[in-house]
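Asker: Fold the following, please.
(chains A, B, C and D)
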Number of protein chains: 4
Amino acid sequence: MKKINIGLIGYGFMGRTHSNAFRQAPVFFKHGHQPVLKAVCGRNAEQAQAFAQNWGYESVETDWRKLIARSDIDLIDIATPNNLHFEMAIEAAKAGKMVMCEKPLAMNAAEAEQMVSAVEKAKVPNMVWYNYRRVPAVTLAKQLIDQGKLGKIFHYRAKFLQDWTINADVPQGGTGTWRLDASVSGSGVTGDLLAHCIDTAMWLNGGIDTVTAATETFVKERKHAVTGKMQEVKIDDASAVLARFTNGSLATFESTRYARGHKALYTFEINGENASIFWDLHDLHRLQYFDYRDASVTRGWRSIHVSDGDQPYMKNWWVPGLQIGYEHTFTHQFADFVAGLDEGKNAAPDFRDGLKTDYVTDAILRSAQSGRWENAKGRA
Amino acid sequence: MKKINIGLIGYGFMGRTHSNAFRQAPVFFKHGHQPVLKAVCGRNAEQAQAFAQNWGYESVETDWRKLIARSDIDLIDIATPNNLHFEMAIEAAKAGKMVMCEKPLAMNAAEAEQMVSAVEKAKVPNMVWYNYRRVPAVTLAKQLIDQGKLGKIFHYRAKFLQDWTINADVPQGGTGTWRLDASVSGSGVTGDLLAHCIDTAMWLNGGIDTVTAATETFVKERKHAVTGKMQEVKIDDASAVLARFTNGSLATFESTRYARGHKALYTFEINGENASIFWDLHDLHRLQYFDYRDASVTRGWRSIHVSDGDQPYMKNWWVPGLQIGYEHTFTHQFADFVAGLDEGKNAAPDFRDGLKTDYVTDAILRSAQSGRWENAKGRA
Amino acid sequence: MKKINIGLIGYGFMGRTHSNAFRQAPVFFKHGHQPVLKAVCGRNAEQAQAFAQNWGYESVETDWRKLIARSDIDLIDIATPNNLHFEMAIEAAKAGKMVMCEKPLAMNAAEAEQMVSAVEKAKVPNMVWYNYRRVPAVTLAKQLIDQGKLGKIFHYRAKFLQDWTINADVPQGGTGTWRLDASVSGSGVTGDLLAHCIDTAMWLNGGIDTVTAATETFVKERKHAVTGKMQEVKIDDASAVLARFTNGSLATFESTRYARGHKALYTFEINGENASIFWDLHDLHRLQYFDYRDASVTRGWRSIHVSDGDQPYMKNWWVPGLQIGYEHTFTHQFADFVAGLDEGKNAAPDFRDGLKTDYVTDAILRSAQSGRWENAKGRA
Amino acid sequence: MKKINIGLIGYGFMGRTHSNAFRQAPVFFKHGHQPVLKAVCGRNAEQAQAFAQNWGYESVETDWRKLIARSDIDLIDIATPNNLHFEMAIEAAKAGKMVMCEKPLAMNAAEAEQMVSAVEKAKVPNMVWYNYRRVPAVTLAKQLIDQGKLGKIFHYRAKFLQDWTINADVPQGGTGTWRLDASVSGSGVTGDLLAHCIDTAMWLNGGIDTVTAATETFVKERKHAVTGKMQEVKIDDASAVLARFTNGSLATFESTRYARGHKALYTFEINGENASIFWDLHDLHRLQYFDYRDASVTRGWRSIHVSDGDQPYMKNWWVPGLQIGYEHTFTHQFADFVAGLDEGKNAAPDFRDGLKTDYVTDAILRSAQSGRWENAKGRA
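Answerer: Alright, predicted model coming up:
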């Protein structure tokens, strides 16, 4: 059993989900590498210390460059706001560390291209935390598509709807609200929520060629949590997209933080010649499946409770009928990363996959400016 | 095209649903007999006249014996409160009229036995309006069971839940509330709601051998709408039942008017060795179907939108995806009654079927008194 | 009680839904005008005769100009394929008849403008059969919005999905499939399905300023039912749209006949500052409603079973909990038209409303060609 | 921070859920005691060793009496088949250990009474693992009831449906199938599944006075996994119950392992004067709530996604909209047990609560024999 000494940067929401994955994955999934929670790094020493104690990290750093420089660290996991991914990933790769990075990979595709170059040059294992691929129901969707169950695909539609920024008093910048500060997040819902939709979509349905889009910023000014000043909001509050896939299918995508009633409603639907699939994060343990080949009088959408041992990941958990939750997607992704190490290959999505998503989200933001269809397969 | 001259007794809620059926059935279902709305009978001449004018009845009577005596009437349709069914049906049969009767057939099985004798002796076509058999989804359930799709049946469970009598100010007796006056209704929810569950259950799953039951009257006294006095409530407000079918399956039944949030929630579920079925009146156009023979990873409850031309009754209506409603069940039942006339046989359920249901509901009420299992296949 | 002598042109699917409305409306809704089914007109005399006999029309015509010329006809109802609406409506208006026309109003906005001029010049009552406004749940949505329950609107999303043309053997042209022949239908799903979405959307959420769109024709050639030849398909099989409303809200629209598993899934959702609404034609008797002002721990989407007497149109039907269906929307619309006659005003949507929808659908089709945002408030 | 040295007996399914709780609770819930996974005990030393290594237990025992005798053990957690609970719990209490025991508490109420005496005499903290109380949605239901939101309760209905023993080739006895061997399990679904329903019901709705019941054994003989012989099946495959609560409400309960299509469908519904509640284990993160006090036109069942910080337990997990799963119920229960230690009181349900449930399940089994209503508040 080889050890993987992990150095985590960032102790926020994602630092928590990753840490839980590091703890749980080896208990439920057996592979040849054993993670060791070696160090956590954060600017505030006291908070980092508390985090380390809670999650079982052996040590603490407050300077991420020092963490990367440590010879006892094998893997750098980046769980910081988006504007820090670039430098950290480049430095980690240069130091020969494996790199795992929160999504989106970068502030934009230009940064992401350099990050891909860095990890590929360094030949270090790398991964981007698009965790929703590892919801068992979503993985099952992938399997059904790969088995050809759907036939030719006509339509893809996805949306990721939230409602937490409707109140104009929500600030921009600072802890918990840095996603509203474009200088930290790069973009609004396009990079945050829509990027998840795009990652899943390209995994399930192949590349996206072109997009046209509209974005909107409903609340024009918000107080900045750091400066204390009322400042222009530069992120996109909402993003709506039409897209054409390489396989000829037509798509709609939408994300917003102004959809009252939806906390984190990520849904996608795929319509094929023979079958269709629907999934919904609010009921993540179910997959809706319609198969036209069923006898006509009893044909209907099947609500599949994805909790059986022959369904993805589930034999490692409990018994049929007993559902798992959100956090397990990270556990699965880390378990797959470790399995990849055993086999000497990256678990998807790797940095190159993450770059492709950045090409699409950049094209969306460009189109929102130009009012035209934009190429989504590379930089402008 | 032979004419059937209809004489309707009663112009309340059921008088309306039947009248609509008489008008609509010949437009949508083609058979060899043509209904003629010949006369409507009600105590209040003015209201009867208004009803006749609205629905297109040619004439009006205020004495039901006169209606039955009329030589231009072929069929008597009884849509009155329960305490009048007995005498009207007996007289109609004696006069050689076809008889259709609202459910439950009678105040009790003793009455019902005589009604069966009367129509069978007179050899007149007869039918009881247990309309829910003719919801397309319910008829589809029957077809699936008859095709053997479910295999051996283990469980049947049904309930009919309402909430309209929770308010203690709802009176008993009088128009609209006669169902709370036991002297008019015979029983409470057992004869009103549970009788529907029992009729459907025996149609789908065969005879019921024995039952044990509990009933409850939550509001002990209510003002009587006719007498104006506060009087003891003698109906059952709620009824809960365990039953054993002849085929060995075990059942639960429940009905109440105290289930807050349910207006008319009639549901049933049947669990067989190979497949299960669920239906719900609040979404009557859907049938839920689970087939264990589906491939294991994509097995799930299918939500069948029963609106296609190859599904029961639907080719006579609109196009796939467009649902029909409650009133159509009466239209279907009357269309089937007419089809039966063409073929010289009764459409089910006939009076004999209605009697069997009365045996069960009587046994339920007996068990609620005795605290023991009671025979449900005949009179005590 | 004034009589309205109706002359119906077309005895297909829509001829049936309208005829049912003419028969049922006066039974369930009391107004000062009484429809008389005076004549039905169709090219095939035998079929027209059979239709007349079934539905109770007094007479038959095979030449629509003769029908319009008849002095005993007050109202012309156009239920023909789209390419005939223009000439029929213009002539009917010239003859001083009231005009009701199936949707979409015309082949394009250019035609529709002339039709509006004709009815407005003739000052004849006029209406377009966008029937879905009269689903009780949809009318309830309108009431809630008009009461201000939603507050500022951020998002509107609607789709109308079918799957009946996936099979490449479905022909174009001819009875039942004329909607695939662009010379008869004007367009594909944009004018057929999306037009419904646009009509409802502008009713609920106000005018649409600009759109960008993509259309797709998945099956490029189909046999023509009339010519018997394989011919290029010129309609849009699918249509996807981004739109901006005058009130600042952002919208997505989509319609297709290639969404396996959906027979007629028309859904819309509106997200407002304080509340959101969702509706689905496949369960048309329900309205989903989320109100942020509910206490936080018990906040959730409410599934409203729209069947109570205080909900739109329902007091005229049965009792709470018992649903109505698709056909009733036409009955409601005709009842409202008649109510409008009583009051001397058009029931919405009138021809001018229908024209506005044609502006939007034309803009969608233009944008699908140009790849740019197009003005949706008038002609190009 | 005080340490609690845990000795776990049993390394099966429940041994896993408990162990996960011991590991996760201190990370997510902060209390004054820290669990230490001191030892796991099982008959097979190799398997026990593997279990210990995986979950982080410091040591292994193969004789449970030795485990109980160890002075470095503070708490005995019993996760063995039912026939071992009695002796182990008694011995643990005698040794002054805290005791946690899997449900049902005992083979029958006679055993359970002695177990209660033992822990109460020893004054040791004790708890029974009826984990479903700690589903956040279920705890929320409890809070709403305790706040009086429902008003007077009229009805309670619950069922726990599975389908895993329909196949007659499933053996009785042995690992994984000991629940079918009455000498090990005590009873079939009554003690296994219905006991959960009863525990929740009495927690939410108070005591049960009387019951009448029917049980059924559909497969009469099964091969015994240990003896290899075909033997009579002595457990109840299905159990159906009518019950009366002390508060006057009427109830139905049902459990079975022959409900095709249901893996672990535990549902309950409570109908009160003012509001109703429904919950379903297959979608455990949702609570359905109907409040009659909502404005009538927008009244409907609310689907509450129980994942917000102000809902039970959820502020300790992730962010709104992101659901947790089955395993977390054990984590919550252990966290509450530890909180109870801080405060010097038992977390519910304790052994006395577990005994009350055994009184009810015993009465159910008696009634299934006697055919009569049985007292459920004590021993026969």
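Asker: just checking, residue A:24 touches residue A:331?
Answerer: Yes - using CB atoms under 8 Å, residue A:24 is in contact with residue A:331, at 4.7 Å. For glycine as for every other residue, the C-beta is placed from the backbone atoms N, C-alpha and C.
Asker: higher neighbour count, those two?
Answerer: When neighbours are counted by other CB atoms under 10 Å in any protein chain shown, residue A:331 comes out ahead of the other of residue A:24 and residue A:331, with 27 against 21.
Asker: quick one: pLDDT of that one?
Answerer: Reading off the confidence values, residue A:331 has pLDDT 98.
Asker: Check which helix or strand it maps to.
Answerer: Taking DSSP states H and E as the criterion, residue A:331 maps to helix A:328-343.
Asker: contact partners of that helix?
Answerer: A:2, A:4, A:17-18, A:20-22, A:24-26, A:28-29, A:31-33, A:35, A:98, A:100, A:125, A:127, A:129, A:131-136, A:313, A:317, A:346-347, D:325 (CB atoms under 8 Å, 6 or more residues apart in numbering or on different chains).
Asker: repeat for stretch A:304-319
Answerer: So stretch A:304-319 is contacted by A:28-29, A:134, A:136-137, A:139-140, A:143, A:285-289, A:320-324, A:328, A:332, B:296-300, D:13, D:16-17, D:263-264, D:282, D:326-327 (CB under 8 Å, 6+ apart).
Asker: if you set the cut-off to 6 Å instead, what comes out?
Answerer: A:28-29, A:136-137, A:139-140, A:285-287, A:289, A:320-324, A:332, B:296-297, B:300, D:282, D:326 (CB atoms under 6 Å, 6 or more residues apart in numbering or on different chains).
Asker: Can you give the distance from the helix holding residue A:331 to the centre of its chain?
Answerer: Distance of helix A:328-343 from the chain centroid (CA atoms, centre = their mean, to the nearest Å) equals 15 Å.
Asker: same thing with stretch A:319-336?
Answerer: Counting by CA atoms, centre = their mean, stretch A:319-336 comes out at 15 Å from the chain centroid.
Asker: Could I have the CA atoms of it written out in CSV?
Answerer: Extracted in CSV, the C-alpha atoms of stretch A:319-336 (Å, rounded to 0.1, in the frame of the first residue of the first chain):
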residue,chain,number,x,y,z
VAL,A,319,-28.1,-2.1,0.7
PRO,A,320,-30.7,-1.5,-2.0
GLY,A,321,-33.2,1.3,-1.4
LEU,A,322,-30.9,3.3,0.9
GLN,A,323,-29.6,6.4,-0.7
ILE,A,324,-26.3,8.2,-0.4
GLY,A,325,-26.0,12.0,-0.8
TYR,A,326,-24.0,14.9,-2.2
GLU,A,327,-20.7,14.4,-0.4
HIS,A,328,-20.3,10.9,-1.8
THR,A,329,-19.7,12.3,-5.3
PHE,A,330,-16.4,13.7,-4.0
THR,A,331,-15.5,10.4,-2.3
HIS,A,332,-16.2,8.6,-5.6
GLN,A,333,-14.1,11.0,-7.6
PHE,A,334,-11.1,10.7,-5.2
ALA,A,335,-11.5,6.9,-5.2
ASP,A,336,-11.4,7.0,-9.0
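Asker: my read is residue A:66 is in a strand, agree?
Answerer: No - the assignment for residue A:66, made by DSSP: H, G, I helix; E, B strand; the rest coil, is helix rather than a strand.
Asker: Which residue ranges make up the domains of chain A?
Answerer: A:2-131, A:133-374 (automatic domain parsing).
Asker: how long is the first one from one end to the other?
Answerer: Across domain A:2-131, the straight-line distance between its terminal residues is 25 Å, by CA to CA, to the nearest Å.
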